[in-house]
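In: prediction below, plus the sequence it came from.
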Amino acid sequence: MNHVNVLTIALRVAALYLVVSVISNVPEEIVKAQALSQMMEQGTIWLSIVFPSVIKILVAILFWFFPNTLIRTTIPDAQKSEESPEYLKNLNIAIISAVGIYLIGFGLSDIVYYVSLNYEMNKLFEQPPRPEDLAGLYATVFQVTIGFLIVLGSSGISKMVRQVRS
């Protein structure tokens with residue numbers, strides 16, 4: 001099994017986790033929609049509850065059906081074979097890149113949720129976002145930033161891990 005196969009498996013596991021998280025949140029979202037239906041318009045409910053779930057499902061579809069495309073765009077030497085002497089180095093980079101892509105995927109879907117929530121709450125109640133919502137948004141932006149840094153600098157992180165191990 002080469003590093004591309006490992007990364008493909010990791011992306012598909014992330015896709016499964018995204019779908020399961022959307023499905024497990026359905027009861028909670030239904031209760032939210034019922035509670036908010038008295039205060040909000042239907043379009044607002046769809047934007048704040050359904051839209052983030054749709055984005056998560058789209059990211060899951062991307063991870064499940066197009067993992068090789070993602071791998072080729074993030075890892076330039078993804079075509080190397082297992083017999084290569086740099087196999088373990090490439091495997092390390094591939095796994096670290098998978099963690100970065102995972103963080104980016106979850107972070108982007110959460111950013112959509114926070115932005116739509118803040119927009120709708122501001123539109124309805126004309127109040128600034130609650131501190132916990134802002135904290136969640138900032139944490140998610142930080143998560144996406146870390147994901148991008150991991151994907152872009154996975155070879156540097158891989159070198160650091162090798163130095164710590166030796």
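Out: Yep, it's here.
In: what is the longest helix seen in the chain packed up against?
Out: Assignment by DSSP state H gives helix 87-125 as the longest helix of the chain. Here helix 87-125 touches helix 3-36, helix 42-45, helix 51-65, helix 67-74, helix 131-152, helix 154-165, going by 3 or more Cβ pairs under 8 Å, 6 or more residues apart in numbering; DSSP states H and E. The way it works is simple: take the backbone N, C-alpha and C, and place the C-beta from them, glycine included.
In: buried sites along the shortest one?
Out: So that's helix 42-45. Within helix 42-45, the residues scored as buried using 16 or more other Cβ atoms under 10 Å are 44-45.
In: ok so, going back, adding distance to Gly105, write the helices and strands packed on helix 87-125 out as a markdown table.
Out: Below are those laid out as a markdown table (distance: least, Cβ to Cβ, whole Å):
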| stretch | distance to Gly105 |
| --- | --- |
| helix 3-36 | 6 |
| helix 42-45 | 25 |
| helix 51-65 | 5 |
| helix 67-74 | 9 |
| helix 131-152 | 8 |
| helix 154-165 | 16 |
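In: now render these as a markdown table, adding distance to Tyr102 and mean pLDDT.
Out: Formatted as a markdown table, the helices and strands packed on helix 87-125 follow (distance: least, Cβ to Cβ, whole Å; pLDDT from 0 to 100):
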| stretch | distance to Tyr102 | mean pLDDT |
| --- | --- | --- |
| helix 3-36 | 5 | 79 |
| helix 42-45 | 29 | 74 |
| helix 51-65 | 9 | 90 |
| helix 67-74 | 11 | 83 |
| helix 131-152 | 7 | 82 |
| helix 154-165 | 13 | 66 |
